[in-house]
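Novice: Here's my sequence, what's the structure:
(chains A and B)
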Amino acid sequence: MKLITAVIKPFKLDEVKAALETFGVKGLTVSEASGYGRQKGHTEVYRGAEYKVDLVPKLRIEVLVDTEDADDIIDVIVKAARTEKIGDGKVWATPVDAVVRVRTGETGPDAL
Amino acid sequence: MNIDSGNTAWILASTALVLLMTPGLAFFYGGMTRAKSVLNMMMMSFVSIAVVGMVWVVYGYSLAFSDGGALGSFIGGLGDWGLVGLEKTATADDGSGIPSLVFVTFQATFAIITVALISGAIADRAKFGAWVLFTLVWVTLVYLPIAHWVWGPEGWLLELGALDFAGGTVVHINAGVAALALALVLGKRRGWPKDPMRPHNLPFVLLGAGLLWFGWFGFNGGSALAANEVAAVALINTLVATCAAAFAWIIVEKLRDGASTTLGIASGVVAGLVAITPAAAFVTPLGAIALGLIAGAVCAFAVSLKYKLGYDDSLDVVGVHMVGGIIGALLIGFIATTAVNDAGADGLLAGGGIGLLGKQAAGVGATILYSFVATFIIAKIIDLVMGFRVDAEDEISGIDSAAHAETAYDFGSVHAGAGASTGSLASTTTTEQKKVEAEA
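Specialist: Take a look at the predicted model:
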C-alpha cells in the first residue's frame, strides 16, 4: 500500500476530486496548507508599501491506495492539477506499513 | 418653544448618520489591522462612544458651546453643565431654530468620532485602560477648547473669520496631529517596518469606508443646521469631492505601483471626505472636484512619509486626516465663493484677495500647534503614570486575547463550529447548566 500526498493550487480541488472519483478512488483527505516552492511567494502592495508574501495558500490531498495503482493515481492527480504555471505544486508517494478501517477492524488492502 | 420642524427633522436624522460613522470607522480601521488585533482596534472606537457620550452631557457641551465669560475666546463656561435647563430651549428664538438638545446630541457625535479617529495611529500596542483614560483627558483638554475656538460663542478663530464648515480643523487636523503625537510617544510596533503588517480583511475596510461616506452626508449636510440650500451645497460637494479623491488615489496607484487597489479606493474616499469637510458649503461643485482630485493624489503620496520619517502611524491617520484636513482648509482660501453661500467668503480665485488664505492658515497653524503640544504632554504623562504600551509578549501574541480575552476568528478547525471543537467550556454561568452540574 502507498500514501499519495499532493500539494495543489486550491482552485484545482474540484477537478482533482472528480478525476480521482472517475478513476475509482473511494476516499481522500483534504487539508489547508501554506508553503512555497521555486516561485518563492509573491509581492503585494498596500498604500504604496510593498510586502513580500512568502507562504502561498495550498491544499494538501492525501489518498491511501494499492501499490499497483499508485503510479496511475499520481498520473491522474498531476493531469488534473496542472495549469502549466509556476506554483502548481507536487505529488509524491510513500510506503505504508499498516492500515485499519476503524468501523470493522479490517486490515491491509481490504481497509482501503 | 418655537422651532422649525423641517430643520429639526433633518438634524435628528443627521445625528444618527454621524453616530454611525464611528462604528463605520471601527470597520475601516479593523480591517486594516492584523487578525490578532482587530477586536482591540474596533473596541477603541466603540469605547470612545461610551466615554465621550457621557463627558459631553456632564460638561463637554458646556465647555465647548456655552459662554465662557472672561475666557470666552478660548473656552466655554460650566453654565450648561449636565444640560440642566436646556430641555425646553431652542437654538434660535425666531422659530427658525431646532431644540437645543438636538444640537447638543448632533455635536456629541462629532466629539466622539474625533477621539476615535486618533486610535488608528496606535494599532496593536496600546494598553486598553490607558486608551480609555486618554479619551477622557484628550476630549476635555484638546477637543473642547478647539471646538470652542472655531464654533463656540466668541471663539477666537470664529471671530477672526477663519472658515471651517463641518470640522476640518476641529475634527480632522486635530485628530491627525494628535495621532502623530501619540504615535511618537508610543513608538513603533515590534517588527515595523520590516515585518509585513498587511490588512487582514479588505472587505471590512470597504464596508467601513462606505458607512463613513453614508454618515458623512449627515456630518456635512447636517452642519448647515437647517434643511435648506446651504445643506444642499454641502450634500452635492460631499458626493463629488469624494468621487474625485477616490479616483485620483487609484490613478496614482496605477501609475506608481502598477495596480489600482481596494485599499486605495477606500483610502481615497476618506481623504476626499476629510478634505471637503471644512469647505463643504463654501465651494462650487466644480471647485469640489478640483479639491477632491488634489486631496486624493496628495494623500496617496503622503501615506508613504511615515516610512521615510520613521514614525509608525499604523493606519495613516496623519497621511489622510492631517494632510487631507490641511489641504481642505487651505484650498478654501483659494476657491471659496459667496456665490454658493452668503455666509461664506471669497477666496483668492473668486476675487477676495489673499486675506482669507491668511485666516485659514492661522486656523490650521493654531490647531496643529495646540493639538500636538497638548496631546504629546497628555500621552507622556499617561505613559509615565501607568504605561501606554502592552508587554512585548502580549503585543507579539496578539492584543485581542491579552486585553480582551477574546479572539476575532476561530481558526482552530477547517469547519468552525461543525464539531471539531478548539476547546471545552471552562466555566458556566447559566442556571440551566449549574443545575445539570449539581445533579451530576
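
Novice: Only C-alpha atoms from now on, for both contacts and neighbour counts.
Specialist: OK.

Novice: List, one by one, the residues from chain A near chain B.
Specialist: A:31-32, A:45-49, A:51-53 (CA under 8 Å from any CA of the partner chain).

Novice: Could I get those in CSV, plus columns for pLDDT?
Specialist: As requested, those are exported to CSV (pLDDT from 0 to 100):
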residue, pLDDT
A:31, 94
A:32, 92
A:45, 87
A:46, 89
A:47, 89
A:48, 84
A:49, 85
A:51, 83
A:52, 81
A:53, 81
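
Novice: what two of those are the furthest from one another?
Specialist: Spatially, the most separated pair among the residues of chain A next to chain B is A:31 and A:48, at 34.0 Å (CA to CA).

Novice: Break down the stretch 1-150 of chain B into its helices, ranges please.
Specialist: Assignment of helices within the stretch 1-150 of chain B using DSSP state H, counting those that start in this stretch yields the ranges B:5-32, B:38-55, B:61-65, B:100-118, B:128-138, B:144-151.

Novice: quick one on the thing from earlier: so for residue A:31 and residue A:48, which sits in the more crowded spot?
Specialist: Set residue A:31 next to residue A:48 and count neighbours by other CA atoms under 10 Å in any protein chain shown: residue A:48 wins out with 17 against 11.

Novice: hmm, back to that, out of the helices of the stretch 1-150 of chain B, which is closest to chain A?
Specialist: Nearest to chain A among the helices of the stretch 1-150 of chain B is helix B:5-32 (9.8 Å), distances taken as CA to the nearest CA.

Novice: Confirm for me that residue B:173 is in contact with residue B:366.
Specialist: No. Counting by CA atoms under 8 Å, residue B:173 does not reach residue B:366; the two are 10.5 Å apart.

Novice: Which one of these two is surrounded by more residues?
Specialist: Neighbour count, other CA under 10 Å: between residue B:173 and residue B:366, residue B:173 has more, with 32 against 16.

Novice: how about that one, what does it touch?
Specialist: With contact set as CA atoms under 8 Å, 6 or more residues apart in numbering or on different chains, residue B:173 has these partners: B:321-326, B:364, B:367-368.

Novice: Kindly report the residues of chain B close to chain A.
Specialist: B:196, B:198, B:253, B:256-257, B:261, B:263-264, B:300-301, B:303-304, B:414.

Novice: quick one on the thing from earlier: out of the helices of the stretch 1-150 of chain B, which is closest to residue B:274?
Specialist: Minimum separation from residue B:274 across these (CA to CA) falls at helix B:100-118, 11.5 Å.

Novice: Could you pull out the strands in chain A for me?
Specialist: A:2-8, A:29-35, A:42-46, A:49-53, A:56-65, A:89-95 (DSSP state E).

Novice: Those strands into JSON lines, with extra columns for distance to residue B:25?
Specialist: Shown next, in JSON lines, are these (distance: least, CA to CA, whole Å):
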{"stretch": "strand A:2-8", "distance to residue B:25": "38"}
{"stretch": "strand A:29-35", "distance to residue B:25": "32"}
{"stretch": "strand A:42-46", "distance to residue B:25": "19"}
{"stretch": "strand A:49-53", "distance to residue B:25": "22"}
{"stretch": "strand A:56-65", "distance to residue B:25": "30"}
{"stretch": "strand A:89-95", "distance to residue B:25": "40"}
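
Novice: Out of those strands, the one nearest residue A:112 is which?
Specialist: strand A:56-65 (6.6 Å).

Novice: Parallel or antiparallel, list what pairs with the closest one.
Specialist: Sheet partners assigned to strand A:56-65 using DSSP bridges are listed as strand A:2-8 (antiparallel), strand A:29-35 (antiparallel).

Novice: Now the weakest link among those, please, by mean pLDDT.
Specialist: With a mean of 93, strand A:29-35 has the lowest mean pLDDT of those.

Novice: Report the buried residues of that strand.
Specialist: Under the neighbour-count criterion of 16 or more other CA atoms under 10 Å in any protein chain shown, strand A:29-35 has residue A:30 buried.

Novice: Report the angle between it and strand A:89-95.
Specialist: 120 degrees (axes from the mean of the first three to the mean of the last three CA atoms, to 10 degrees).

Novice: Convert the C-alpha atoms of strand A:29-35 to PDB, please.
Specialist: Coordinates of the C-alpha atoms in strand A:29-35 are reproduced here as PDB (Å, rounded to 0.1, in the frame of the first residue of the first chain):
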ATOM      1  CA  THR A  29      -8.500  13.600   3.000                       C
ATOM      2  CA  VAL A  30      -8.100  17.300   2.300                       C
ATOM      3  CA  SER A  31      -6.400  19.900   4.500                       C
ATOM      4  CA  GLU A  32      -5.400  23.500   4.100                       C
ATOM      5  CA  ALA A  33      -1.600  24.100   3.900                       C
ATOM      6  CA  SER A  34       0.700  27.000   3.200                       C
ATOM      7  CA  GLY A  35       4.200  26.900   1.700                       C
END
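
Novice: ok, back up a step: now for the residues of chain B next to chain A, which pair is the farthest apart?
Specialist: Maximum distance among these (CA to CA): 40.0 Å, for B:301 and B:414.

Novice: Pick out whichever of those two has more residues nearby.
Specialist: Legend: neighbour count by other CA under 10 Å for residue B:301 and residue B:414, higher for residue B:301 (17 against 12).

Novice: Run through who's touching the helix or strand harbouring that one.
Specialist: Per DSSP states H and E: residue B:301 is located in helix B:285-302. The contact list for helix B:285-302, computed with CA under 8 Å, 6+ apart, reads A:47-48, B:233, B:236-237, B:240-249, B:252-253, B:264, B:268, B:271-272, B:275-276, B:280, B:319-320, B:323-324, B:327-328, B:331, B:335.
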